[in-house]
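Enquirer: Kindly generate the corresponding structure for this input.
(one chain, ligands or ions: 1)
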Amino acid sequence: MQNVEQDLKLEAALALLDRQSLDAVKVIDPQGEVIGVLTRQDVESAGELKERLAREGTRPAYRGASSTVSDTAATMQPAQDRLTRVPIQRLLDALHDGVYITDAHGVTVAINQAYERITGLKGSDVLGRHMRELVRSGYISKSVSLEVIRDGQPVTLVQSLRDGRKILVSGMPMQADDGTLSHVVTSVRDITELLRAKHAQEQLRQLHSLHDTYSVNSGTDEQSLELVTSDATADCFALAERVAATDVKVLIQGETGTGKTLLARYLHEHSERANSVFLELNCAALPEGLLEAELFGYAPGAFTGASARGKQGLLDVANGGTLFLDEIGDLPLSLQAKLLKVVEEQRFMPVGGTELKRTNVRLLTASHHDLRVRVSEGRFREDLYYRLSVVPITLPPLRERRAEITPLLHHYLSHFCHRHARVRRFDPETLELLGSHDWPGNIRELINLVERLVVTTCDELITPKMLPMECLAGPSGTLHSAAPSSPDNSPDNAVHQQQSRQLLEAHSSATDDLRDTTLKEKTEALEQQLIKRALDSHRTTRAAASALGINQSTLVKKMQKYAIRR
Ligand SMILES: Nc1ncnc2c1ncn2[C@@H]1O[C@H](COP(=O)(O)OP(=O)(O)OP(=O)(O)O)[C@@H](O)[C@H]1O
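Expert: Residues are numbered from 1 along each chain as shown. Coordinates of the predicted model:
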């Protein structure tokens, strides 16, 4: 804070701004009312003003009253005697930002040239008119001045002009000496370009964050399009290649893990949109509200907790590219109606929005449900089904394309050996067992198992005893197990693994001897062997029972039944 007592000419006032690194100077009229604010940016345009003043021989002077100069603003009073030589309008016109001044009642008393340039409104349209009247007659969409008068506080907001440009409007209340409101000074800045740059930045940010949530197209994806095919799937990929270049909607059906997403990427990468974005959204993964917001985006402050900036929907972000909607059969009916509009008109309404948005996106969809059944159950719109399934492709489960199992095992073994720097190979018997496994989780299950075997085994050779129990159950069901279908490292699974090893060993020695016996007898023989082994390797019946996954009393009963002693 400092006091200014000396006379200051206009140039000196501007220099003061510069020299003292002030951000703004308030300009006060002869009656002591603040009628303008010179910002640092205005100093830049002051050169032009000075030149003009010099040309006209005007040497305006300002007197710094015994007023306070803060770090950010200096208050100066025009010298009464020389005021007539300082046309305030000229000062306002020198500003780069638009200025709009009303009195305390909201009647327009001054605007500058920049305001006319930015808004396209003329002084003759607004001077002397009340803001309410201007809003009513449509000259101005919203009056910041009226808000400042109502609240007695500065107000800043972004307004849209009819030509789409955005302006930042900041209204400041100006007080008279007695503390009452005297004027409202509003500055107006065209921020269209600034917003455009910010928007681009925000789009980029959202795209980056999408990488974490969704699969965004990336040529470096390790699993991208490294295909193992057999006759059963080669036809699917050939068909995909034929239709990829067109924009037709493809509905991919198949069990989980059969490669639906991979096929969708394949379609995208063989299409003309290959250089644009590929986004994937799993419609079964989110509750309805969130799904709608992700897909269609929302307007700023559309609902409690919504970002004040709003959010772009995937339909927007994927504009020009491909949007893959996985598990489309789980899309709630209300959103199916909205999606139908996108399919038919390439337009959609963001949540809480007021304007329809256009999008040029190729929609690919997939479902593990039979969508026709969903339609017949009334859970999927028939019109949407036909729109989305112009070309339906069904990927068979892995058990129906067994020819792919061994190539897939080798493919992923070398992939994970490379990734984890290990050397591993499959024992032929292991390959045989895995080749006859039913793979309910399809290729994803196979990939997970291979990675797990690579990292958990110590020997180079992967033998059958290292396999989880469920993989020992061949298609004939000779050894059926209730083990969990996906491999994991839980203690439960360790028990199952141990059991499976025992079962396998028991199986190989028992099958020959028992060829002519009944299933019940075989099972009992195996059970006895397993119990004996468990008792051999554990000190107590409790530990043996736990290793077998049964409780102690069951084990004791079985020991009695088979007359097994410790
Ligand atoms: N023909 C193939 N050759 C090699 N890898 C494949 C093949 N098909 C699928 N995969 C791989 O199998 C895994 C599962 O495939 P994908 O995610 O495409 O299945 P999905 O049917 O979309 O599964 P979900 O229904 O659970 O979404 C992926 O890692 C994928 O790269």
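
Enquirer: okay but P332 is in contact with G289, surely?
Expert: No. Contact between P332 and G289 fails when scored by CB atoms under 8 Å: they sit 9.8 Å apart. Glycine gets a C-beta too; all of them are placed from N, C-alpha and C.

Enquirer: In the helix or strand M174 falls within, which residues are buried?
Expert: Element membership of M174, judged by DSSP states H and E, is strand 166-175. Across strand 166-175, burial judged by 16 or more other CB atoms under 10 Å covers K166, I167, L168, V169, S170, G171, M172, P173, M174.

Enquirer: Quick check: pLDDT value at the fourth one.
Expert: Put plainly, it is V169. At V169, the pLDDT value in this model is 87.

Enquirer: Test my guess that it contacts S160.
Expert: No. Using CB under 8 Å, V169 is not in contact with S160, being 10.9 Å away.

Enquirer: Contacts for the strand holding M174 next, please.
Expert: 33-35, 37, 98, 118-119, 144-145, 147-149, 152-161, 181-192, 195 (CB atoms under 8 Å, 6 or more residues apart in numbering).

Enquirer: In contact with whichever residue of the stretch 401-550 of the chain sits closest to the ligand, which residues are there?
Expert: With CB to the nearest ligand atom, the shortest gap between the stretch 401-550 of the chain and the ligand falls at I443, namely 3.6 Å. Applying CB under 8 Å, 6+ apart to I443 gives the contacts G257, T258, G259, L398, L408.

Enquirer: Next: T406.
Expert: When contacts are taken as CB under 8 Å, 6+ apart, T406 is in contact with L431, L434, G435.

Enquirer: what about the last one, how many residues close to it?
Expert: Pointing back at G435 there. 15 (other CB atoms under 10 Å).

Enquirer: Let me see the contact set for D190.
Expert: Taking CB under 8 Å, 6+ apart, one finds I118, R165, K166, I167 in contact with D190.

Enquirer: what angle do whichever helix or strand comes after the strand holding M174 and strand 166-175 make?
Expert: Counting by DSSP H and E, the next helix or strand C-terminal to strand 166-175 is strand 181-190. Strand 181-190 runs at 160 degrees relative to strand 166-175, counting by axes from the mean of the first three to the mean of the last three CA atoms, to 10 degrees.

Enquirer: Would you indicate which residues of strand 181-190 are buried?
Expert: Residues of strand 181-190 classed as buried under the neighbour-count rule (16+ other CB under 10 Å) are S182, H183, V184, V185, T186, S187, V188, R189, D190.

Enquirer: any idea which of the residues you listed is closest to the ligand?
Expert: Distances from the ligand to those, taken by CB to the nearest ligand atom, are shortest for D190, at 47.5 Å.

Enquirer: now that closest one: how far from L431?
Expert: 70 Å (CB to CB, to the nearest Å).

Enquirer: Skipping adjacent residues, who's closest to the closest residue to the ligand within the chain in space?
Expert: Closest approach between the chain and the ligand, counting by CB to the nearest ligand atom: G259, at 2.8 Å. Using CB to CB, 6 or more residues apart in numbering and skipping residues adjacent in sequence, the residue nearest G259 is L395, 5.4 Å away.

Enquirer: State the distance from the one you found to T261.
Expert: 10 Å.

Enquirer: higher neighbour count, the two?
Expert: Neighbour count, other CB under 10 Å: between L395 and T261, L395 has more, with 24 against 19.

Enquirer: surely that one meets G254?
Expert: Yes. When contacts are counted by CB under 8 Å, L395 is listed as touching G254 (3.4 Å).

Enquirer: shared neighbours of the two, anything?
Expert: Contacts common to L395 and G254, judged by CB under 8 Å, 6+ apart, are K260.

Enquirer: Please, where are all the strands along the stretch 101-250 of the chain?
Expert: Listed in chain order, the strands found in the stretch 101-250 of the chain under DSSP state E, counting those that start in this stretch are 108-111, 155-160, 166-175, 181-190, 250-253.

Enquirer: do the last one and the ligand meet at all?
Expert: Going back to what we said before, that points to strand 250-253. No. Strand 250-253 is not in contact with the ligand by CB under 6 Å from any ligand atom; minimum separation 7.7 Å.

Enquirer: okay, G254: pLDDT?
Expert: pLDDT, G254: 95.

Enquirer: got it, and the one 5 residues further on?
Expert: Per-residue confidence at G259 stands at 95 (pLDDT).

Enquirer: separation between the nearest residue to A240 once chain neighbours are set aside and V343?
Expert: Spatial nearest neighbour of A240, chain neighbours left out: L267 (5.1 Å); criterion: CB to CB, 6+ apart. L267 sits 17 Å away from V343, going by CB to CB.

Enquirer: Between the two, point out the one with more neighbours.
Expert: Neighbour totals were compared for L267 and V343, and L267 leads with 28 against 13 (other CB under 10 Å).

Enquirer: so what's the more buried one up against?
Expert: Contacts of L267 (CB under 8 Å, 6+ apart): A240, V243, A244, V250, T322, L364.

Enquirer: what helix or strand does it sit in?
Expert: helix 260-269.

Enquirer: With just CA atoms, put that helix into CSV.
Expert: Extracted C-alpha coordinates of helix 260-269, given in CSV (Å, rounded to 0.1, in the frame of the first residue of the first chain):
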residue,chain,number,x,y,z
LYS,A,260,-15.4,-60.5,-30.1
THR,A,261,-13.4,-57.4,-29.1
LEU,A,262,-10.5,-58.6,-31.2
LEU,A,263,-12.8,-59.0,-34.2
ALA,A,264,-14.2,-55.5,-33.6
ARG,A,265,-10.7,-54.1,-33.6
TYR,A,266,-9.9,-56.1,-36.7
LEU,A,267,-12.9,-54.5,-38.4
HIS,A,268,-11.8,-51.0,-37.4
GLU,A,269,-8.2,-51.5,-38.5
